[in-house]
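A.B. asks: Build me a model from this:
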Amino acid sequence: MFKFIRFIFLLIIIAGVSLTAALFSVPAEERPAMIAAVKAHVWQRFGGTITEVRQQIEQVAPPEVVTSLKSIDAGETFQQVASCGKTQTTALEKSTRSNIYRWTDENGKVHFSDAKPGDTRNSEVMSVSYPDRKQYFKLKLIEDTDNLPAFTRDKVNAEVRQVYRILSRDLDLEHLRQVFLNVRIIGTQDDFQRYRQQRAPFLRTNSGFYTSDNNEAVVFQGNNPQQMRAVIRHEATHVMMAGLYGATPSWFNEGLAEYFEQLELSGQARQISAVSYHWNYLQQRHSRGQLLPLREYINLPPQQWYAGNLRDHYGLAWSLIYYLMSEPEGKVFLKTMMNDMAENYCWSVPGDEYFDHHYPGGFDTFEAGWQNWLAQPLPATHRY
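C.D. replies: Numbering: from 1, shown residues only. From the prediction side, this is the model:
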């Protein structure tokens, strides 16, 4: 046993000397990038990258962006490491027919829920408008709080269902599987930190995280119900991506999560608005020539993606998805890409080459269209 320990110790010393020699063999200006790459690889293996991610956001982003980018967590970053990111799924089940109710409260506000309201005088059954053909996921909401706002459970249920419906109906996915999603809402920061220490001790976060071992999104309730539900929508999107495709390109995974984070339900309408802080920031950076070339960005592996300029990377991811969802060619491209990934689970999509083969006119045409789109005023809201 002692010989084995001594052998491991010698290996560590040799590796350390080799790394030090390599570090000092490169020019001084290149050392920070090399250190970042090594850190990204090590953190990827041991589960702590999110701390780095959060610290970078807090350093480079104004407060409103730090607030909005609250869903940087274990699940979305390196859930790909084990088993290609695969999470618990099963074949789709035919859903039992459940009514969806629309009712107006005493303040004149309209609500939707699949639970029958206590007072049915101002309620209306909407099942014809919202048919359930398949059961796309099983949602379990765990309330570790004493003061969850009224109708939160109904709103979370309705919003997450709509994320699935848009992806399955509007993109016409043919390879959906039923995904299990557990959402835990914790009422106090002390309780949140105690639970984080149990489930994700490597992380330092005060807002939310996701653990892939039990498909659980853990969210601090805070004092902003809309913000809390945005975190849940973001995490629900990641759960679906992991369940359907396993490891996916970072821009695709994060872009879709950022996109559906903005989902709003109003009456029978579903809408997703453009994110102005992403838009304004990208326009400024692009006009100054400060963004990565798009081909280079599309091809970034996860460890480089999360070790880089996160404000740029999240903004670009959101913009690529929003642009693709804004035009017919983009929707067809996303549908093709999603079906290919579903058929070839854990297949690493070859970035710009995939665009060259599947986007009309190839990557150059896509990039030119995206640049022209980015030069315009804030794009219109998407309505479904």
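
A.B. asks: okay, now residue 149: neighbour count?
C.D. replies: Neighbours of residue 149 under the rule other C-beta atoms under 10 Å: 12. Using the backbone N, CA and C atoms, a C-beta is placed for each residue, glycine as well.

A.B. asks: tell me the contacts of it?
C.D. replies: Residue 149 makes contacts with residue 225, as judged by C-beta atoms under 8 Å, 6 or more residues apart in numbering.

A.B. asks: From residue 381, how far off is it?
C.D. replies: 25 Å (C-beta to C-beta, to the nearest Å).

A.B. asks: where are the low-confidence patches of the stretch 151-300 of the chain?
C.D. replies: Scanning the stretch 151-300 of the chain with the threshold set as pLDDT under 70 gives 171-175, 212-213.

A.B. asks: what's near enough to touch residue 217?
C.D. replies: Residues counted as contacts of residue 217 (C-beta under 8 Å, 6+ apart) are 75, 181-184, 208-210, 231-232, 235-236, 239.

A.B. asks: Give me the nearest residue to it, chain neighbours excluded.
C.D. replies: Closest residue in space to residue 217, ignoring its immediate chain neighbours: residue 235 at 3.6 Å, by C-beta to C-beta, 6 or more residues apart in numbering.

A.B. asks: element containing the one you found?
C.D. replies: Element membership for residue 235 (DSSP states H and E) is helix 225-245.

A.B. asks: Flag every buried residue along stretch 210-222.
C.D. replies: Residues of stretch 210-222 classed as buried: 210-212, 215-222 (neighbour count, 16 or more other C-beta atoms under 10 Å).

A.B. asks: measure it end to end?
C.D. replies: With C-alpha to C-alpha, to the nearest Å as the measure, stretch 210-222 spans 17 Å from end to end.

A.B. asks: before we move on, what about stretch 241-259?
C.D. replies: From its first residue to its last, stretch 241-259 covers 13 Å (C-alpha to C-alpha).

A.B. asks: repeat for stretch 216-227
C.D. replies: Using C-alpha to C-alpha, one end of stretch 216-227 lies 18 Å from the other.

A.B. asks: so where does residue 218 fall, helix or strand?
C.D. replies: Using DSSP H and E, residue 218 falls within strand 216-220.

A.B. asks: Direction-wise, compare that strand with helix 225-245 and give the angle.
C.D. replies: Per axes from the mean of the first three to the mean of the last three C-alpha atoms, to 10 degrees, the angle that strand 216-220 makes with helix 225-245 is 170 degrees.

A.B. asks: Let the chain start at 45 from now.
C.D. replies: Taking 45 as the first residue, the last one we looked at is strand 260-264.

A.B. asks: Mind listing the strands strand 260-264 pairs with, and their directions?
C.D. replies: Here strand 260-264 has these sheet partners by DSSP bridges: strand 222-230 (parallel), strand 252-255 (antiparallel).

A.B. asks: so which of the ones you listed gets nearest residue 418?
C.D. replies: Closest to residue 418 of the strands paired with strand 260-264, according to C-beta to C-beta: strand 252-255, at 29.6 Å.

A.B. asks: now the strands for the chain?
C.D. replies: Assigned by DSSP state E, the strands in the chain fall at 133-134, 145-148, 154-157, 167-169, 181-188, 222-230, 252-255, 260-264, 307-310, 313-316, 426-427.

A.B. asks: Adding distance to residue 371, write these out as JSON lines.
C.D. replies: What follows is these, written out as JSON lines (distance: least, C-beta to C-beta, whole Å):
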{"stretch": "strand 133-134", "distance to residue 371": "31"}
{"stretch": "strand 145-148", "distance to residue 371": "32"}
{"stretch": "strand 154-157", "distance to residue 371": "30"}
{"stretch": "strand 167-169", "distance to residue 371": "36"}
{"stretch": "strand 181-188", "distance to residue 371": "28"}
{"stretch": "strand 222-230", "distance to residue 371": "28"}
{"stretch": "strand 252-255", "distance to residue 371": "31"}
{"stretch": "strand 260-264", "distance to residue 371": "31"}
{"stretch": "strand 307-310", "distance to residue 371": "20"}
{"stretch": "strand 313-316", "distance to residue 371": "15"}
{"stretch": "strand 426-427", "distance to residue 371": "11"}
